[in-house]
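Build me a model from this:
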Amino acid sequence: MFKLHDALARDCAVVGDLPLCRLLLMNDCQYPWLILVPRRENVREVCDLSAEDQQLYLVESNATCAVLQNTFAAEKLNVAALGNMVPQLHIHHIARFAADPAWPKPVWGLLPAKAYESATLAARLTKIRAAYSAYGMELVA
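You can find the predicted model right below:
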């Protein structure tokens with residue numbers, strides 16, 4: 001049975017579930033930062049997914065990239081699966097801008113996270129859910 005790693009549950013807000021992945025929003029208002037977590041047990045790497053799940057992940061990742069580009073007008077997208085601290089497979093999708101506080105460096109470990117205020121978080125979640133819906137992908141809450 002799928003269980004979200006405690007660190008991801010602590011550091012993120014749940015946007016909803018896609019057919020394969022749980023979609024999370026990193027609780028750091030400095031960047032539009034989404035994370036896809038395949039809802040499969042004991043998966044550490046993309047290559048650990050079945051061939052069918054790998055294809056579904058690619059569809060969901062491409063949709064996530066499109067949502068970040070179209071919703072936030074990202075200048076660059078950073079997509080990465082590090083997993084050095086959290087072994088559960090989770091793939092970061094981050095919209096980057098020349099004016100963001102970490103540019104042009106990677107966001108990891110450079111600055112402390114700045115949590116969303118509750119009203120801003122609720123608005124951001126609504127905006128992201130609407131963007132997936134407009135893209136033709138419904139999120140299950």
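
Could you give me the buried positions within stretch 124-141?
By 16 or more other CB atoms under 10 Å, the buried positions in stretch 124-141 come out as 124, 125, 128, 129, 131, 132, 137, 139. In this view, the C-beta of every residue, glycine as well, is placed from N, C-alpha and C.

show me what contacts the second one?
With contact taken as CB atoms under 8 Å, 6 or more residues apart in numbering, residue 125 is in contact with 13, 15, 25.

Now do the strands in the protein.
Along the chain, counting by DSSP state E, strands occupy 12-17, 21-26, 33-38, 76-80, 91-96.

Could you take those and lay them out as CSV, with extra columns for mean pLDDT, distance to residue 102 and mean neighbour count?
Formatted as CSV, the strands of the chain follow (pLDDT from 0 to 100; distance: least, CB to CB, whole Å; neighbours: other CB atoms under 10 Å):
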stretch, mean pLDDT, distance to residue 102, mean neighbour count
strand 12-17, 98, 18, 18
strand 21-26, 98, 13, 22
strand 33-38, 98, 11, 22
strand 76-80, 97, 10, 15
strand 91-96, 98, 8, 21
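
Relative to residue 118, which of those is closest?
strand 12-17 (10.3 Å; CB to CB).

and the angle from the closest one to strand 33-38?
60 degrees (axes from the mean of the first three to the mean of the last three CA atoms, to 10 degrees).

just how off-centre is strand 12-17 within its chain?
Distance of strand 12-17 from the chain centroid (CA atoms, centre = their mean, to the nearest Å) equals 9 Å.

now swap in stretch 67-81 and tell me
10 Å.

Then stretch 107-121?
Worked out by CA atoms, centre = their mean, stretch 107-121 lies 14 Å from the chain centre.
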